[in-house]
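Peer 1: Structure of the sequence below:
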Amino acid sequence: MQRRIEDYALIGDEQTAALVGRDGSIDWLCLPRFDSPACFAALLGDDEHGQWRIAPKDAELCTRRAYRPDSLVLDTEWETAEGAVRVTDLMPQRDRAPDVVRVIEGLSGRVTVRSALRLRFDYGIVVPWMRRLGDGHRVAVAGPDAVWLRSDPPVRTWGKDFCTHSEFTVGAGEKVAFVLTWHPSHQPRPRLVDPYEALRSSLDDWQRWAARCNYAGPHRDIVVRSLITLKALTYAPTGGIVAAPTTSLPEELGGIRNWDYRYCWLRDSTLTLGALLAAGYHEEAEAWRDWLLRAVAGDPAELQIMYGLSGERRLTEYVLPWLPGFADSSPVRVGNDAVRQLQLDVYGEVIDSLSLAREAGLPMKPHMWRLQVALMEFLRTAWRQPDEGLWEVRGPRRHFVHSKVMAWVAADRAVRALERDPQLSGDLEGWRAMRDEVHREVCERGYDPGRNSFTQSYGSQELDASTLLIPRVGFLPPDDPRVVGTVEAIARELGHSGFVRRYSTAANLVDGLPGDEATFLVCSFWLADALHLIGRKQEARRMFDRLVGLTNDVGLLSEEYDPVAGRQLGNFPQAFSHIGLVSTALALYEGEGAG
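Peer 2: As a prediction, the model looks like this:
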């Protein structure tokens, strides 16, 4: 069976997450955190790199699957010649240790079910020592990791070929539950969870959370699913939101554009904060704002584009040579060297986010304004530098238009804060002068009058989808002919089968990497936003409908979409894509009822 990225569904406990395939196999799980080494890494290799499959004997793909309404509890069903069976997967919000709960229930007839558990610590390379205990539990240990497996009621279990097998039969209404629990191997076994109580409480927790969503427009179910996905990608102890729970899912099958996204990007900050606030999730928005404040604290010259879940700064990139990669797309990378890049746009993102938080009435922090003043004082001269830009290109630095526009945003938000609040102190005239100078330079050097479009960088003929954000951030009004021309040029030149590329990868002139990539989903949402702003509202809504149609059967989106092959690509599920979906829905249908 040739796997597709969209074949997977997500379960998680707001500290880590697992991907479950249509065949009932958990093929990716990092324990105990999103960025920990994986104990199931079949996603980037094969079964021997770690997986846990539960399915009817001799069955392959499921008949159907779906999340329980407004939750992250996944039901997968098979109909066989012997009868029907359901596997319910979840990761309950943890007390101390992470648990994976899998409940098998007979629906009709009598069905023989098999479980095959292959634990492989450290991204699929370490085979643990598994032993059976007197109480019927099994424990696997290797180095710092220990994993316990138990079933309720106990079922026949045996080991063969470094795999733990179980087989049992369920009739209609009969249930068997498995619980897999991780803990540091030097510590005692954690408290046992009741799998059925965990199922009930998880459903209640998720549904109460989803009920807080105040969006009532079209596609509400998929908007709520996107918000649940963003919640699932949140590291609850700190409020940080990972870009994706995976590493190295390819932007091109067989290519090298494979990156580790299990970290928190500043570029997402304003859009994330805006989406959470607009959808009614002020508590989550405040937690993200507070994570942001902690992460960026320090010397403004050392501001990074991304941080770890708790604000860690060293995210050293290295390759795992024993993993062949998804669809033989190598290398498989851990860590991300882009952390060392200069991206001036993040200063604008941080200041814009803090401005948005203030306007939304989130509680102020005593050092918040001092931090913004420090960032502005650094940016006052630094904005003139070339940088690697929003897309983390690994080619030479340039004067990227989006970076300059976001420098303007930083100055504009700082000026407006001083104008609104006389109790704040700062260099009002100096920041106004900077704002005017940046605006003038971008309009002179970043705009091509012959094509009536803003370009990717000064003096370049290339276009960049990030310039679609120019009206959204207020750099120019939507009815400005230069904005309209930019939107039309990007739709024409970066459009591909109704969707949008980030930029042209022809001749590797921009990012310095071989190969190609697919259309970038968040950029397609940005085009829908821009079309809406310039008055082409029906066209914007049609595009949004097409984008919603790209979600997989359980409502998830990856980073990119290949319209030729008709498949999702890139890390999955991607926070940026789901943020785009929520933000565009809110922009296009604000104040409308469901329809």
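Peer 1: just checking, next helix/strand downstream of the host helix or strand of W28?
Peer 2: Assigning secondary structure by DSSP states H and E places W28 in strand 25-30. Proceeding C-terminally, strand 25-30 gives way to strand 38-40 as the next helix or strand, assigned by DSSP H and E.
Peer 1: helices or strands up against that following strand?
Peer 2: Counting contacts by 3 or more Cβ pairs under 8 Å, 6 or more residues apart in numbering; DSSP states H and E, the secondary-structure elements packed against strand 38-40 are strand 25-30, helix 121-124. Placement of C-beta: from N, CA and C, glycine included.
Peer 1: Name the single longest strand found in the protein.
Peer 2: In the chain, assigned by DSSP state E, the strand with the most residues is strand 99-118.
Peer 1: okay, now P69: neighbour count?
Peer 2: For P69, the number of neighbouring residues by other Cβ atoms under 10 Å comes to 12.
Peer 1: Quick check, it in contact with Q207.
Peer 2: Yes. Counting by Cβ atoms under 8 Å, P69 sits close enough to Q207 to count as a contact (7.1 Å).
Peer 1: any idea which of the helices and strands packed on strand 38-40 is most buried?
Peer 2: Ranked by average neighbour count under the criterion mean count of other Cβ atoms under 10 Å, the helices and strands packed on strand 38-40 are headed by strand 25-30 at a mean of 26.
Peer 1: tell me what that one is packed against?
Peer 2: Contact analysis of strand 25-30 by 3+ Cβ pairs under 8 Å, 6+ apart lists strand 17-20, strand 38-40, strand 51-56 as its packing neighbours.
Peer 1: repeat that with 10 Å
Peer 2: The elements that strand 25-30 packs onto, with contact taken as 3 or more Cβ pairs under 10 Å, 6 or more residues apart in numbering; DSSP states H and E, are strand 9-12, strand 17-20, strand 38-40, strand 51-56, strand 99-118, strand 175-184.
Peer 1: who does it pair up with?
Peer 2: The sheet places strand 25-30 alongside strand 17-20 (antiparallel), strand 38-40 (antiparallel), strand 51-56 (antiparallel), with pairing taken from DSSP bridges.
Peer 1: Is it possible to get JSON lines of those that adds mean pLDDT, mean neighbour count and distance to L199?
Peer 2: Rendered in JSON lines, the data for the strands paired with strand 25-30 read as follows (pLDDT from 0 to 100; neighbours: other Cβ atoms under 10 Å; distance: least, Cβ to Cβ, whole Å):
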{"stretch": "strand 17-20", "mean pLDDT": "98", "mean neighbour count": "26", "distance to L199": "15"}
{"stretch": "strand 38-40", "mean pLDDT": "98", "mean neighbour count": "28", "distance to L199": "21"}
{"stretch": "strand 51-56", "mean pLDDT": "98", "mean neighbour count": "24", "distance to L199": "15"}
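Peer 1: Okay, helices next: where are they in the stretch 151-300 of the chain?
Peer 2: Secondary structure of the stretch 151-300 of the chain (DSSP state H, counting those that start in this stretch): helices located at 195-210, 220-232, 269-279, 282-296.
Peer 1: which other helices and strands contact the third one?
Peer 2: What that stands for is helix 269-279. For helix 269-279, where contacts count as 3+ Cβ pairs under 10 Å, 6+ apart, the packed elements are helix 220-232, strand 240-241, helix 282-296, helix 345-359, helix 401-420, helix 521-533, helix 575-588.
Peer 1: tell me which residues form a beta bridge with the residue lying closest to T63 once chain neighbours are set aside?
Peer 2: In this structure, T63 finds its nearest non-sequential neighbour in E79, 4.6 Å apart by Cβ to Cβ, 6 or more residues apart in numbering. E79 has these beta-bridge partners by DSSP bridges: A84.
Peer 1: do the one 10 residues further on as well
Peer 2: The residues paired with D89 through beta bridges, assigned by DSSP bridges, are L74, R102.
Peer 1: ok, the residue nearest to Y307 when sequence neighbours are not counted - how many residues close by?
Peer 2: If the residues on either side of it in the chain are set aside, Y307 comes closest to A295, at 4.4 Å by Cβ to Cβ, 6+ apart. If you count neighbours by other Cβ under 10 Å, A295 ends up with 24.
Peer 1: can I get the helices and strands packed on strand 25-30 in JSON lines with distance to W369?
Peer 2: Written out in JSON lines, the entries for the helices and strands packed on strand 25-30 read as follows (distance: least, Cβ to Cβ, whole Å):
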{"stretch": "strand 9-12", "distance to W369": "35"}
{"stretch": "strand 17-20", "distance to W369": "36"}
{"stretch": "strand 38-40", "distance to W369": "42"}
{"stretch": "strand 51-56", "distance to W369": "50"}
{"stretch": "strand 99-118", "distance to W369": "43"}
{"stretch": "strand 175-184", "distance to W369": "41"}
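Peer 1: Many thanks, I have nothing further to ask.
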